[in-house]
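1. Quick one, fold the following:
(one chain, ligands or ions: 1)
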Amino acid sequence: MMFGVSALIVYDSGVMAALMRVYGEGYKDFLEAIRRPGSRLYARVNTLLISVDEIVERLRSRGVEVYRDEQLAEAIYFPIQGPFQVEELDKRIVVDKYAAESIYMGANVYAPGVISCEGVSKGDEVIVVAEDGTPLANAIAVVDCEDIAVRRVRRGVVAETTRSVYRAPKIRELPEYVNGYLYPQSLPAMYVTHVLDPKPGELVIDTCAAPGGKTSHIIEYTGGRSYVIAFDHSKKRLEEMRENLRRLHEDSLAEIWQADSRYLHIDFSWLKADKIVVDPPCSSLGVRPKIIDRKSYTDVETLSKYQLQFLKSAIKVLKPGGVLVYSTCTVTVEENEEIIEKIAEMEKCIDVVEIPCERCSRGVPGFRYSQMFARFHPHIHDTTGYFIAKIVKRC
Ligand code: SAH
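-> Below is the predicted model:
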């Protein structure tokens, strides 16, 4: 049976049971929280290129509201405003999932995201909605719908957003982003590199690296003085990663290799890393805001098998004394606590060690290493839902 959290967020009974296992009755608060953004939009400052004070000053001088994070020195955030009421209008543009989530946050409407726009002419005021009718924004059309419909207009802005439900600076349109000074990244994701604590001279491997959020953080954290190998199996995502590293002026500071990271111990058996990050594909239940999502328990099961494979291989290419950090942007115990418990049972030479945790919770109680983990909960910590575990290889 499928449960409609909203018309476009649909989880089956297995996923709902998995959420209850984590949150009990609190699962309702969790589901409510992931449908809206948190109150802060975070970005990391590329400290290889600019100081945090300098960038804050530049942004503020143009009237952008921005603050330094209270704890992480390289983190800045933009307050997210909203929710605002958008006006119900006769003319409407219906957009797809990916467009919906960014328009909801204030982005303009681009041609590829449009599903329908019947009767809309250039200059019209419109309401932009998701496929289930969820209002996202009001906008002014800058082209005729006909031109979009017959694909005369294939790319570029088709409507300029005037009022969206939530509002935050469009980081990717800031000159600071274009110049490589900023990388949009959630606060919990930034903690991963701090937990890993890579040092200059060390060999650091990122097994599921694209589009490069953690890889670039590792490079910056070590001042570009560690040896970084970033693996991913997706050619398209590796291209995106190369583009990101170029923008950050870090493309000469990491090796980017295409590989199936479930088999690193076979294909790259000569590798012996000091530090490894495993940030595998996951059910992404912690990612917000969500307008559209559809997951079944089979997805969770398939992903958890995959995640264990990445870990098994990574442990084999880790040096004795080396550190591995495992992270996901999801909340199920199947993809988090249980994965670590399984690997600890299989590998006799590893210790699961405690992560300092001031702004997060511990793991779901009842697991052997619950007290070692860091968990971030959307409805409690006002962040993305996130899990981090740290493993040390003894021998
Ligand atoms: N660590 C990244 C995000 C990783 S998302 C960041 O911080 O920016 C998970 C990644 O795993 C995706 O890029 C996906 O292409 C990759 N992936 C999936 N299966 C893989 C496999 N078998 N081998 C290597 N990478 C894989």
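2. Relative to the whole chain's centre, how far out is the biggest helix by length in the chain?
-> Assignment by DSSP state H gives helix 297-316 as the longest helix of the chain. Relative to its chain's centre, helix 297-316 lies at 19 Å (C-alpha atoms, centre = their mean, to the nearest Å).
3. In it, which residues are buried?
-> By neighbour count with 16 or more other C-beta atoms under 10 Å, helix 297-316 contains the buried residues 297, 299-301, 303-304, 306-308, 310-316. C-beta coordinates here come from the backbone N, C-alpha and C atoms, glycine included.
4. go on, stretch 375-391?
-> Under 16+ other C-beta under 10 Å, the buried positions of stretch 375-391 are 375-381, 383-391.
5. measure it end to end?
-> Chord length of stretch 375-391, first to last residue, is 16 Å (C-alpha to C-alpha, to the nearest Å).
6. Can that stretch be said to contact the ligand?
-> No: judged by C-beta under 6 Å from any ligand atom, stretch 375-391 makes no contact with the ligand; its nearest approach is 11.5 Å.
7. what residues does stretch 11-30 touch?
-> 1-3, 5, 31, 283, 285, 293-300, 331-334, 364, 377-379, 385 (C-beta atoms under 8 Å, 6 or more residues apart in numbering).
8. can you give me the end-to-end distance of that stretch?
-> 14 Å.
9. for stretch 377-384, what is the average pLDDT?
-> Across stretch 377-384, the average pLDDT comes to 98.
10. same check, this time on stretch 243-251
-> 98.
11. tell me which residues in that stretch are buried?
-> By 16+ other C-beta under 10 Å, the buried positions in stretch 243-251 come out as 244-245, 247-250.
12. Among those residues, which lie within strands?
-> Among the buried residues of stretch 243-251, no member falls in strands (criterion: DSSP state E).
13. and the two most separated of those?
-> The span of the buried residues of stretch 243-251, defined through C-beta to C-beta, is set by 244 and 249 at 10.9 Å.
14. circling back: of the buried residues of stretch 243-251, closest to the ligand?
-> Proximity of those to the ligand (C-beta to the nearest ligand atom) peaks at residue 244, which lies at 8.4 Å.
15. Tell me how many other residues surround the nearest residue to that closest one once chain neighbours are set aside.
-> Leaving out its chain neighbours, the residue that sits closest to residue 244 by C-beta to C-beta, 6 or more residues apart in numbering is residue 212, at 4.5 Å. Look at residue 212: counted by other C-beta atoms under 10 Å, it has 27 neighbours.
16. returning to what we had before: how about the CA coordinates for the longest helix of the chain, as CSV?
-> The C-alpha trace of helix 297-316 is given here as CSV (Å, rounded to 0.1, in the frame of the first residue of the first chain):
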residue,chain,number,x,y,z
TYR,A,297,11.0,-0.2,0.8
THR,A,298,12.6,-2.2,-2.0
ASP,A,299,14.6,1.0,-2.9
VAL,A,300,15.8,1.1,0.7
GLU,A,301,16.8,-2.6,0.7
THR,A,302,18.6,-2.3,-2.7
LEU,A,303,20.5,0.8,-1.6
SER,A,304,21.5,-0.7,1.7
LYS,A,305,23.1,-3.7,-0.1
TYR,A,306,24.9,-1.4,-2.4
GLN,A,307,26.1,0.7,0.6
LEU,A,308,27.6,-2.3,2.4
GLN,A,309,29.5,-3.2,-0.8
PHE,A,310,31.1,0.3,-1.0
LEU,A,311,32.2,0.0,2.7
LYS,A,312,33.6,-3.5,2.4
SER,A,313,35.8,-2.5,-0.6
ALA,A,314,36.8,0.8,1.0
ILE,A,315,38.0,-0.9,4.2
LYS,A,316,40.3,-3.1,2.2
